[in-house]
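[1] Give me a model of this one.
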Amino acid sequence: MATDPSLIRNFSIVAHIDHGKSTLADRLIEFCGGLELREMKQQILDSMDIERERGITIKAQTVRLRYAAKDGKIYILNLMDTPGHVDFAYEVSRSLAACEGSLLVVDASQGVEAQTLANVYQAIDNNHEIITVLNKIDLPAADPERVKNQIEEVIGLDTSEAVMISAKTGIGIEDVLEAIVKRLPAPKNDFAPDVSLKALLVDSWYDLYLGVMILVRVIEGTLVPGMKIRMMGVSASYEIDQVGVFTPKPIRVESLGPGEIGFITAGIKHVADCKVGDTITEERRPTANPLSGFKPSTPVVFCGLFPVDAADFEKLRESLAKLHLNDASFHYEAESSAALGYGFRCGFLGLLHLEIIQERLEREFDLDLITTAPSVVYRLHMTNGEIVEMHNPTDMPDVVKVDFIEEPWIKATILVPDEFLGSILTLCSDRRGEQLDLTYVGNRAMAVYLLPLNEVVFDFYDRLKSVSRGYASFDYQIDSYKEGDLVKVNILVNAESVDALAMMVHRGRAESRGRTLCTRLKDLIPRQLFKIAVQAAIGGKIIARESISAMRKDVLAKCYGGDISRKRKLLDKQKAGKKRMRQFGNVEIPQSAFIAALKMNDD
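    I've put the predicted structure just below:
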């Protein structure tokens, strides 16, 4: 029996990292009896090991709760716990599209952070009703009045009805539930009872036993087991095996009605048939107009993923397909490299996203991977008027054919206590940043900068955190492409170009970046019987060089005394041999050297 839509509330929790989203979700589940006390653990919705280790949410998780309100009715609450980090903004946007309201959680001791702004603006764009929740009010440093004023000044939300809570101790949890029931809208319900099915495919993941599982938000009609459904985007048809909801344990139900969020399985084996944002309808009487779906994500950072063992290439392909099903915001295509063999060129939403995907591939699919240096998408304006997008520095055509190169710039919002403002401004200007705005909210400064993404990709986030002792928060969006004086730096080992280490750098930075990499490779490449030159070059011009000295084989060991000319003859013979060896010798760069050289954080 489908639930009356007027008793359903679909909402997501949005906040900056570490402001207590997952802890609040725990308390809501506990209060509504979603799990028994013995089944509860901290951050129950953060199911991945990586999430629990790092203390961050990576995947948006859904849970259905039954709440007996003070007005005597029993409400169904569908909660979506969303990530807080800028790199997982696509997860947030999908969750928001499936809900009608949001809880904006702000730490009462820290106040508004950069990601709070980004996420709340996404919620406002989705026409959400927003309830402000001030968390951690039990802390000695909490200052709710200051934070309320901050929210009104920076975001422009009315905070007169803000709910004061402490998610850790459970203070104010019932007030949050009452606010959800009273202030958030119910799903729209002005459809005829026999209307054809229309449901939004919000998320999907691969289960070893059931095949592909799909998370859906029903807009119109009803989903029941045995129904023939059709994915409108890819024109694939399936019969539903089971319909269920998460409480957060998966539980089967008889049907999912309008406004409800739950999962379906239909024995889907083809990963490609489940496109996130697709419209699901009934095969027999399809809906006339599909839903608009989600705005596709645009990868910002690209890098190559190669298996350490070439035999794992097919396994890597399958693993990427399964992972892409669970996280549609990264893109991949096959590529090959002379140094590293066959692999994939992958696009990510940021560096943390890259790191998490790599770690998930290694843990969940048991793969050993090499990651090439991250790069961004450049636009090459050719002399014949053509515009070419370049994802990989090795694809750089002859410089004579290129008129000019454009690089992506981002608009970055940095919130920082004013005592660290000086070092933040120095860091941004060092990275070729252009200041757009600088305002104060209480004792915190909000700096808005235009920065080249190329400079941010390497180690900007780490530097930002270290110069501000972890207090600065940072959020960005792609702004535009601008012409830049960029050059391709090649790394030559024994006069052979190593394509996996090629990089695009601003001309002013090329020499220092090249010298750093050469110095690092000098320590990483094992010595040979001949001298090896490690060079950085722009075109034909060498800009940095390090030499790896040869191991000496003692050819005079068999000479006991005797004339010097005999020893000289042996040494000259060895010298000639080494010269010939250097010409024809092949330097094998070990995989460990590649991995260490490409660790950009040590830059």
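[2] neighbouring contacts of stretch 213-222?
    For stretch 213-222, contacts defined as CB atoms under 8 Å, 6 or more residues apart in numbering pick out 2, 10, 62, 98, 191, 195-207, 223, 255-266, 268, 274, 280, 282, 287, 291. C-beta coordinates here come from the backbone N, C-alpha and C atoms, glycine included.
[3] Against residue 457, how distant is the residue nearest the centre of the chain?
    Centrality entry for the chain: nearest residue to the mean C-alpha point is residue 353, 2.4 Å, by CA atoms, centre = their mean. Counting by CB to CB, to the nearest Å, the separation of residue 353 from residue 457 is 12 Å.
[4] Mind listing the shared neighbours of these two?
    Common neighbours of residue 353 and residue 457, using CB under 8 Å, 6+ apart, are residue 301.
[5] one step back: buried subset of the contacts of stretch 213-222?
    Buried members of the contacts of stretch 213-222, scored by 16 or more other CB atoms under 10 Å, are 2, 10, 62, 98, 197-206, 223, 255-266, 268, 274, 280, 282, 287, 291.
[6] secondary structure class for the closest residue to residue 531 other than its chain neighbours?
    The shortest distance from residue 531 to any non-neighbouring residue, by CB to CB, 6 or more residues apart in numbering, is to residue 550 (4.7 Å). Secondary structure, DSSP: H, G, I helix; E, B strand; the rest coil: residue 550 is coil.
[7] Measure how buried residue 550 is and give me the count.
    15 (other CB atoms under 10 Å).
[8] And residue 381, by the same measure?
    By other CB under 10 Å, 15 other residues sit near residue 381.
[9] nearest residue to it other than its sequence neighbours?
    residue 403 (4.7 Å).
[10] name the element that neighbour belongs to?
    strand 402-417 (DSSP states H and E).
[11] which other helices and strands contact that strand?
    Judged by 3 or more CB pairs under 8 Å, 6 or more residues apart in numbering; DSSP states H and E, strand 402-417 is in contact with helix 114-125, strand 378-382, helix 421-430, strand 444-452, helix 453-467, strand 473-484.
[12] mean confidence score for it?
    Per-residue pLDDT over strand 402-417 has a mean of 83.
[13] what ranges of the stretch 401-550 of the chain fall below the confidence cut-off?
    441-442, 458-459, 462, 470-471 (pLDDT under 70).
[14] hang on, the earlier thing: in the strand holding residue 403, which residues are buried?
    402, 405-416.
[15] swap in stretch 224-236?
    Neighbour-count burial for stretch 224-236 flags 224, 225, 227, 229, 230, 231, 232, 233, 236 (criterion: 16+ other CB under 10 Å).
[16] Just the ones of those in helices?
    Among those, DSSP state H puts none in helices.
[17] follow-up on the earlier one: between the strand holding residue 403 and helix 453-467, what angle do the directions make?
    20 degrees (axes from the mean of the first three to the mean of the last three CA atoms, to 10 degrees).
[18] Work out the sheet partners of strand 402-417 and label each with its direction, please.
    Partners of strand 402-417 in the sheet, by DSSP bridges, are strand 378-382 (antiparallel), strand 444-452 (antiparallel), strand 473-484 (antiparallel).
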